[in-house]
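coordinates only, no sequence provided:
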């Protein structure tokens, strides 16, 4: 049901029956390693290209989530997925393996919450019993496509971020035990004119702020309603900007409940510049770490604001600025 | 000892210019490299790069600007012998060793190693 301008409240409360997070070698060294279902020591995952490795990550996340839910592939009615590769090949190729009716999405790094939002809408309208939502990213594959192959050894400024090698998947169902999707705010595309692909956090921060303010305006609730509000992959630079902008907009989010998945996923000692980024960032942190904390009872209600930079390699070579988007999903777990 | 000092200073300054082009000028690495090569060729054409090499030695020959100077020198020396066609045949005369080495060693590295990231 539409609340306000751009927020859906799901009356039937779709349940996140099971989730899975798969990560790479760098994620395995991070502080959230224990929240991953599977970690790979090899960036290639035994494949002969990084793109194939990313597809394997997503396939593993999906099959692990299906197993954890105690379901079969044939029980899933729809698969919604997006990723960063050109023509979203990781998602399409995983859909080929799963052989499940499929919607391919592109919301860049906001794909995790874009797919969860649309999946919840499908479940809420009783159009399916089970929906699988997934997304993935691979550090070397993303670097190759959007910046330079890492072998080239090009320098990066401190505002750059480290694309997460990982995939996350969630299974939504109409009933059962698990965290419930309460509401979702669909973001607008915001572009403040930043064109530097090594400063995506700053580009995405205004989009996150736009969606967060819209969420609280539409639902008429205070930020304290949540135990945790996590942005997707703003990193240290973008997160600071977002926090400042929110204050200027008169929306005070208490520091103890406000965080960013891109800051959480890596430790301070890891050379990741401003923090993590990529579709896999918000997906693995949410479907691994944050939902695990909810299941343990440490968090009751969270808001995940996945942020995406909607650039293409061609658009930035032609010196276009970076349009950005953020989608917010409210998840509650009362055990 | 003085040669070492000036090599360090001049080579370092060329690198500082490159770093400023990257960080302040926001040029891409490819643009930065091209700017330094073209600048080297222009300085060579103005007759300034030769004296800089005499003064700073490896400080002027190792940075990529020296490649631009070599392109110019190769083209001009061949032009003297063979006329206008010499500009085309001579442009890679001096630099061919560097270019071939990059291709051959790159190929050999690709045969034996797999990138780690």
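Looks like it came in fine. Since the structure is predicted, the reported quantities are computational estimates derived from the model, not experimental observations. Numbers count the residues shown, from 1 in each chain, chains lettered A, B, ... in the order given.

which bits of chain B sit near chain A?
Residues of chain B that fall close to chain A, judged by CB under 8 Å from any CB of the partner chain: B:22-23, B:26, B:29, B:114-117. C-beta here means a position set from N, CA and C on the backbone, and glycine is covered the same way.

I figured residue A:246 hits residue A:209, correct?
Yes. The pair formed by residue A:246 and residue A:209 meets the contact definition of CB atoms under 8 Å, at 5.6 Å.

higher neighbour count, these two?
Between residue A:246 and residue A:209, counted using other CB atoms under 10 Å in any protein chain shown, residue A:209 has the larger neighbour count: 24 against 21.

if I pick residue A:284, what's in contact with it?
A:21-23, A:27, A:32, A:35-36, A:164, A:166-168, A:265 (CB atoms under 8 Å, 6 or more residues apart in numbering or on different chains).

which helix or strand contains residue A:331?
strand A:324-332 (DSSP states H and E).

tell me what that strand is packed against?
helix A:111-124, strand A:180-185, helix A:200-219, strand A:301-309 (3 or more CB pairs under 8 Å, 6 or more residues apart in numbering or on different chains; DSSP states H and E).

give me the angle between the next helix or strand after the first one and helix A:111-124.
Using DSSP H and E, the helix or strand that directly follows helix A:111-124 along the chain is strand A:130-137. Following axes from the mean of the first three to the mean of the last three CA atoms, to 10 degrees, one obtains 170 degrees for the angle between strand A:130-137 and helix A:111-124.

so the helix or strand just after strand A:130-137, near chain B or not?
Going down the chain from strand A:130-137, the next helix or strand is helix A:139-146, by DSSP H and E. Yes. Using CB under 8 Å from any CB as the criterion, contacts between helix A:139-146 and chain B involve A:139-140, A:143.

any stretches of chain B with poor pLDDT?
Scanning chain B for pLDDT under 70 picks out nothing.

give me the most central residue, it.
By CA atoms, centre = their mean, the mean C-alpha position of chain B lies nearest to residue B:67, the distance being 2.1 Å.

how near is that residue to residue B:48?
When CB to CB, to the nearest Å is the yardstick, residue B:67 and residue B:48 sit 16 Å from each other.

one more: residue B:35?
Plainly put, residue B:35 is 16 Å away from residue B:48 if you go by CB to CB.

between the two, who's got more neighbours?
Between residue B:35 and residue B:48, counted using other CB under 10 Å, the more crowded position is residue B:35 (18 against 12).

can you tell me which of the residues of chain B next to chain A are in helices?
With DSSP state H as the criterion, helices contain B:22-23, B:29 from among the residues of chain B next to chain A.

the spatially closest residue to residue A:70 that is not a sequence neighbour pairs with what?
Closest residue to residue A:70 apart from its sequence neighbours, by CB to CB, 6 or more residues apart in numbering or on different chains: residue A:18 at 8.0 Å. With beta bridges defined as DSSP bridges, residue A:18 has these partners: residue A:171.

same deal with the one 5 residues further on?
Applying DSSP bridges to residue A:23 gives these bridge partners: residue A:39, residue A:166.

which residues does it contact?
A:33, A:36, A:38-40, A:164-166, A:280, A:284.

mind redoing it with 6 Å?
In this structure, residue A:23 makes contact with A:36, A:39, A:166, A:284, judged by CB atoms under 6 Å, 6 or more residues apart in numbering or on different chains.

OK, contacts around residue 56?
Picked chain A for this. So, once contact is read as CB under 6 Å, 6+ apart, residue A:56 ends up touching residue A:45.

correction: the question concerned chain B.
For residue B:56, the contacting residues are B:6-7, B:10, taking CB under 6 Å, 6+ apart as the criterion.

hang on, residue A:213 packs against residue A:249?
Yes. Residue A:213 is within contact range of residue A:249, at 5.4 Å (criterion: CB atoms under 6 Å).

neighbour count winner among these two?
For the pair residue A:213 and residue A:249, the greater number of neighbours falls to residue A:213 (16 against 13), based on other CB under 10 Å.

distance of that one relative to residue B:65?
From residue A:213 across to residue B:65, the span is 51 Å (CB to CB).

which two in the contacts of residue A:23 are spaced the farthest apart?
The distance between the two most remote of these (CB to CB) is 10.3 Å, for A:39 and A:284.

chain center to stretch A:292-304, what's the gap?
Taking CA atoms, centre = their mean, to the nearest Å, one finds stretch A:292-304 lying 16 Å from the centre of the chain it belongs to.

gap between the two ends of it?
End-to-end distance for stretch A:292-304, by CA to CA, to the nearest Å: 14 Å.

what mean pLDDT would you report for it?
When pLDDT is averaged over stretch A:292-304, the result is 97.

any buried residues in that stretch, and which?
Within stretch A:292-304, the residues scored as buried using 16 or more other CB atoms under 10 Å in any protein chain shown are A:292-295, A:299, A:301-304.

and if you look at stretch A:114-130?
Applying a neighbour-count criterion of 16+ other CB under 10 Å, one finds A:114-124, A:128, A:130 buried in stretch A:114-130.

follow-up on the earlier one: tilt between the strand holding residue A:331 and helix A:200-219?
Note on geometry: by the same axes, to 10 degrees, strand A:324-332 and helix A:200-219 are set 50 degrees apart in direction.

what is the orientation angle of strand A:324-332 with strand A:301-309?
160 degrees.

contacts made by strand A:324-332 with the rest, please.
Applying CB under 6 Å, 6+ apart, the set of residues contacting strand A:324-332 is A:110, A:113-114, A:116-117, A:179-187, A:189-190, A:203-204, A:207-208, A:211, A:215, A:301-309.

for the residue nearest to residue A:70, give its distance to residue A:29.
On the measure of CB to CB, residue A:18 and residue A:29 end up 26 Å apart.

can you list contacts of the helix or strand bottoming out on mean pLDDT in chain A?
Ranked by mean pLDDT, DSSP states H and E, the weakest helix or strand in chain A is helix A:313-317, scoring a mean of 90. Contacts of helix A:313-317 with the rest of the structure, by CB under 6 Å, 6+ apart, involve A:145-146, A:197.

so what's the gap between it and the chain middle?
Mean C-alpha position of helix A:313-317 versus that of the full chain (CA atoms, centre = their mean) differs by 23 Å.

next one: the residue of the stretch 1-150 of chain A found nearest chain B, what pLDDT does it get?
Using CB to the nearest CB, the single residue of the stretch 1-150 of chain A nearest to chain B is residue A:150, 4.4 Å away. You'll see residue A:150 listed with a pLDDT of 80.

repeat for residue A:335
You'll see residue A:335 listed with a pLDDT of 72.
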